[in-house]
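Visitor: dropping the sequence and predicted coords here.
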Amino acid sequence: MKARRYGAKGAKKVRRRGAELIDRIPFDDIGESLGEYLESARETIDDAVARELKGLRKAVRRQRKRLGV
């Protein structure tokens, strides 16, 4: 019985403070940081892919030259 009362009391407290706590979360800052992180990741991936393509093109040219094509 005591556990039920304590649980109900705690749930009411959380319910009352829930909106206040949600208002304190900086969603805009989180969104901005995440956007910057994703942009940086895209740029890094693009650079890596470009380097790989350049290397593959060179390798294909070497092979063609070696084969006489």
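Guide: That came through, no problem.
Visitor: so what does whichever strand or helix holds G7 touch, helix or strand wise?
Guide: G7 belongs to helix 2-23 when elements are defined using DSSP states H and E. Of the remaining helices and strands, none touches helix 2-23 by 3 or more C-beta pairs under 8 Å, 6 or more residues apart in numbering; DSSP states H and E. (Each C-beta comes from the backbone N, C-alpha and C, glycine too.)
Visitor: next SSE downstream of it?
Guide: Scanning onward from helix 2-23 (DSSP H and E), the first element met is helix 27-67.
Visitor: and that following helix, what's its mean pLDDT?
Guide: Per-residue pLDDT values over helix 27-67 give a mean of 95.
Visitor: quick one: distance of it to the chain centre.
Guide: For helix 27-67, the gap between its own C-alpha mean and the chain's C-alpha mean amounts to 17 Å (C-alpha atoms, centre = their mean, to the nearest Å).
Visitor: tell me how far stretch 11-30 lies from the chain's centre.
Guide: Worked out by C-alpha atoms, centre = their mean, stretch 11-30 lies 23 Å from the chain centre.
Visitor: just the CA atoms of it, as PDB, please.
Guide: Below are the C-alpha coordinates for stretch 11-30, written out as PDB (Å, rounded to 0.1, in the frame of the first residue of the first chain):
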ATOM      1  CA  ALA A  11       4.000  10.100 -10.800                       C
ATOM      2  CA  LYS A  12       2.000  13.300  -9.900                       C
ATOM      3  CA  LYS A  13       5.200  15.200  -9.200                       C
ATOM      4  CA  VAL A  14       6.700  14.100 -12.500                       C
ATOM      5  CA  ARG A  15       3.500  15.000 -14.400                       C
ATOM      6  CA  ARG A  16       3.500  18.500 -12.900                       C
ATOM      7  CA  ARG A  17       7.100  19.100 -13.700                       C
ATOM      8  CA  GLY A  18       7.200  17.300 -17.000                       C
ATOM      9  CA  ALA A  19       6.200  20.400 -19.100                       C
ATOM     10  CA  GLU A  20       8.700  22.500 -17.200                       C
ATOM     11  CA  LEU A  21      11.500  20.000 -17.900                       C
ATOM     12  CA  ILE A  22      10.600  19.700 -21.600                       C
ATOM     13  CA  ASP A  23      10.700  23.500 -21.900                       C
ATOM     14  CA  ARG A  24      14.200  23.500 -20.600                       C
ATOM     15  CA  ILE A  25      15.500  21.200 -23.300                       C
ATOM     16  CA  PRO A  26      17.300  23.400 -25.900                       C
ATOM     17  CA  PHE A  27      15.800  21.800 -29.100                       C
ATOM     18  CA  ASP A  28      17.000  24.600 -31.300                       C
ATOM     19  CA  ASP A  29      20.600  24.300 -30.200                       C
ATOM     20  CA  ILE A  30      20.400  20.500 -30.600                       C
END
